[in-house]
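Novice: Model the following, please.
(2 chains)
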Amino acid sequence: DQQVKQNSPSLSVQEGRISILNCDYTNSMFDYFLWYKKYPAEGPTFLISISSIKDKNEDGRFTVFLNKSAKHLSLHIVPSQPGDSAVYFCAASKSGANNLFFGTGTRLTVIP
Amino acid sequence: DTGVSQNPRHKITKRGQNVTFRCDPISEHNRLYWYRQTLGQGPEFLTYFQNEAQLEKSRLLSDRFSAERPKGSFSTLEIQRTEQGDSAMYLCASSLSSRRNYGYTFGSGTRLTVV
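Specialist: Purely as a prediction, here's the structure:
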């Protein structure tokens, strides 16, 4: 049972434009959400997170938006750079739980 | 600190053999996690340690799997009588219990291939 879903396996964006990566979840008990970036042959790297008490969190070129009523979050990268090309995983956790639930990832390609 | 270190990076083994992986977390991190990632999937939780205590195990962790974290430092994950379905990337991560908003720090993983 996939509780965190990333329905777009891949996304291509021109350098300098905005990249929008989407994530949906089914478990209303999730209260914390994270995005990880993964390069080939490396482990996932933490990128940005958001608590369910917020609807937006921004860190430089990266912004995460949370729509709790729709059980949807998105990661915006602007402007996109070729170095952003990687697989992006959305993850969620429940208060008091010790594990993360990951989506299947979206491969972002930023075209120079 | 060089981050989370995992060894070996790659392991090829014959079906039925036992394998052991090692993870060295960031030294001040008291929490350690093992995840497994198969092709086209996101990481899936296997088990979690706080210091030396193994506090949670996923149902994915069959009886053939065992993990230890002696003295709350490095951790080992052993798979006995490996099966082809065990072929995956095994990821270790660590964190500080008080810093939920900073996520985990993952290692580069051990890729297991069972032939």
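
Novice: So which bits of chain A are right by chain B?
Specialist: A:4, A:6, A:32, A:34, A:36, A:41-46, A:49, A:51, A:89, A:91, A:93, A:98-105 (CB under 8 Å from any CB of the partner chain). Bear in mind the C-beta positions are built from the backbone N, C-alpha and C, glycine included.

Novice: Return the residues of chain B in contact with chain A.
Specialist: B:4, B:6, B:31, B:33, B:40-45, B:48, B:50, B:55-56, B:58, B:91, B:93, B:100-109.

Novice: so of the residues you listed, which ones are in strands?
Specialist: If you go by DSSP state E, those have B:6, B:31, B:33, B:44-45, B:48, B:50, B:55-56, B:91, B:93, B:105-106 in strands.

Novice: A:Arg17: which of those residues is nearest?
Specialist: B:Phe106 (28.8 Å; CB to CB).

Novice: In chain B, where is pLDDT below threshold?
Specialist: B:1, B:98-102 (pLDDT under 70).

Novice: Just give me the residue closest to the centre of it.
Specialist: Most central in chain B under CA atoms, centre = their mean is B:Trp34, positioned 3.2 Å from the mean C-alpha point.

Novice: Just to check, that residue is in contact with B:Ala88?
Specialist: No. Counting by CB atoms under 8 Å, B:Trp34 does not reach B:Ala88; the two are 11.3 Å apart.

Novice: which residues of chain A fall in strands?
Specialist: A:4-5, A:10-14, A:19-25, A:30-38, A:45-51, A:56-59, A:62-67, A:72-77, A:86-94, A:101-102, A:106-111.

Novice: Just the residues contacting the fourth one, thanks.
Specialist: Here strand A:30-38 makes contact (CB atoms under 8 Å, 6 or more residues apart in numbering or on different chains) with A:3, A:21, A:23, A:25, A:44-52, A:62, A:64, A:66, A:73, A:75, A:84, A:86-95, A:100-102, A:105, B:100-101, B:103, B:106.

Novice: That one vs strand A:62-67, what angle?
Specialist: Angle, strand A:30-38 to strand A:62-67, by axes from the mean of the first three to the mean of the last three CA atoms, to 10 degrees: 150 degrees.

Novice: just the second one next, same as before
Specialist: In terms of direction (the same axes, to 10 degrees), strand A:10-14 departs from strand A:62-67 by 130 degrees.

Novice: packing partners for strand A:10-14?
Specialist: Using 3 or more CB pairs under 8 Å, 6 or more residues apart in numbering or on different chains; DSSP states H and E as the contact definition, the elements that strand A:10-14 packs against are strand A:19-25, strand A:106-111.

Novice: and B:Gln50, what is it in contact with?
Specialist: A:98, B:30-31, B:97.

Novice: Out of the helices and strands packed on strand A:10-14, flag the one nearest B:Arg81.
Specialist: The nearest among the helices and strands packed on strand A:10-14, by CB to CB, is strand A:106-111 at 34.5 Å.
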